[in-house]
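Peer 1: Starting from these lines, generate the structure:
(one chain, ligands or ions: 1)
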Amino acid sequence: MGERKFFVGGNWKMNGTKSEINGIAEFLKKGPLDPNVEVVVGCPQCYLAYSRETVPHNIGVAAQNCYKAAKGAYTGEIAPGMIKDLGCEWVILGHSERRNVFGESDQLISEKIGFALSEGLKVIPCFGEQLAERESGRTQEVVFSQLAAMKPNITDWSRVVLAYEPVWAIGTGKTATPQQAQEVHAQLRQWLRDNVSEEVANSTRIIYGGSVTAATCKELASMPDIDGFLVGGASLKPEFVAIINAKC
Ligand SMILES: O=C[C@H](O)COP(=O)(O)O
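Peer 2: Below is the predicted model:
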């Protein structure tokens, strides 16, 4: 259990200009950041190269999406190899906004995860239930089925960080309570134990996303199965440093 390094991702979504990225880089440089935490920022595609040059080198840079082919006639898409070519190592896939605004299916997301891994990227697959699913008691069924759809294409669990993001908590200011998040994280870890292996269950980071702030991060971080966060809005602000340092 002890070997899971705390992981904090910032997902800038469709936000940022060069000037704003300079500001984010400044507060990340100033820190100080807990050296025991792995930090990655997810940038708009057009700023991947600029972000890689600008944010400190001990911080990873992720794309927010990519396609499942190396090149070709896929207007508007980017390939994993292009992300690597810019010096970035990570990609966020299956974010709820990709699923719900852009209609990405479990199957497509699974194929993208498989291709990104095969091209050498590290992947942050996202998943989580909608409010109506939670209210009808279907949370576990939904997240297990989302994980099951990904599993056949996850060929290397050591390069995967799972992001559980209940859709009702994203951008709403309604953070899941530490108990609500812990309950699902423990179920997800048990699913890994039952369907992949004990080793993968013990070593895979499962991070929480959904309205994480400096005010809510410490209690969430104290939960045994919460191994970090995927932070949206607050990752654009200096309070992101406090979230990175949630375990201090
Ligand atoms: O990827 C991040 C999540 O969508 C959370 O966003 P949020 O922190 O703005 O709620």
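Peer 1: Check the gap between the residue of the chain most remote from its centre and Y67 for me.
Peer 2: The centre of the chain is farthest from one residue, A73, which by CA atoms, centre = their mean lies 27.9 Å away. Noted for A73: a distance of 11 Å to Y67, by CB to CB, to the nearest Å. All C-beta atoms are positioned from the backbone trio N, CA, C, and that covers glycine.
Peer 1: Quick check: next helix or strand after the longest helix seen in the chain?
Peer 2: What stands out as the longest helix in the chain, according to DSSP state H, is helix 178-195. Using DSSP states H and E, the helix or strand that follows helix 178-195 in sequence is helix 198-203.
Peer 1: Just the residues contacting that following helix, thanks.
Peer 2: The contact list for helix 198-203 (CB atoms under 8 Å, 6 or more residues apart in numbering) reads M1, E3, R4, W157, S158, R189, Q190, L192, R193.
Peer 1: elements contacting the longest helix of the chain?
Peer 2: With contacts defined as 3 or more CB pairs under 8 Å, 6 or more residues apart in numbering; DSSP states H and E, helix 178-195 has these neighbours: helix 139-150, strand 162-164, helix 198-203, strand 206-209, helix 217-221.
Peer 1: closest one to the ligand among those?
Peer 2: Across the helices and strands packed on helix 178-195, the ligand has its closest neighbour in strand 206-209 (4.0 Å, CB to the nearest ligand atom).
Peer 1: so how far is V41 from the residue in the chain that the ligand sits nearest to?
Peer 2: Nearest residue of the chain to the ligand, counting by CB to the nearest ligand atom: G232, 2.2 Å away. As judged by CB to CB, G232 and V41 stand 12 Å apart.
Peer 1: Same question for T204.
Peer 2: The gap separating T204 from V41 is 21 Å, by CB to CB.
Peer 1: Those two: which has the busier surroundings?
Peer 2: V41 (27 against 20; other CB atoms under 10 Å).
Peer 1: quick one, phi/psi of the closest residue to the more buried one other than its chain neighbours?
Peer 2: Of all residues not flanking V41 in the chain, G10 sits nearest, at 4.5 Å (CB to CB, 6 or more residues apart in numbering). Main-chain torsions, G10, degrees, to the nearest 10: phi -110, psi 120.
Peer 1: which residues touch stretch 156-165?
Peer 2: Applying CB under 8 Å, 6+ apart, the contact partners of stretch 156-165 are 7, 9, 92, 95-96, 113, 117, 121-128, 143, 147, 154, 181, 184-185, 188, 196, 200, 203-210, 227-228, 230.
Peer 1: Dump it to CSV, keeping only the CA atoms.
Peer 2: Provided in CSV are the C-alpha atoms of stretch 156-165 (Å, rounded to 0.1, in the frame of the first residue of the first chain):
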residue,chain,number,x,y,z
ASP,A,156,0.4,-2.0,-18.6
TRP,A,157,-1.2,-0.9,-15.3
SER,A,158,2.0,0.6,-14.1
ARG,A,159,1.4,3.5,-16.6
VAL,A,160,-2.2,4.1,-15.6
VAL,A,161,-3.6,6.4,-12.9
LEU,A,162,-7.4,5.9,-12.6
ALA,A,163,-9.4,9.1,-12.0
TYR,A,164,-12.8,8.6,-10.4
GLU,A,165,-14.8,11.7,-11.0
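Peer 1: do that stretch and the ligand meet at all?
Peer 2: Yes - Stretch 156-165 comes into contact with the ligand (CB under 6 Å from any ligand atom), by way of E165.
Peer 1: next one: that stretch to chain centre, how far?
Peer 2: 8 Å (CA atoms, centre = their mean, to the nearest Å).
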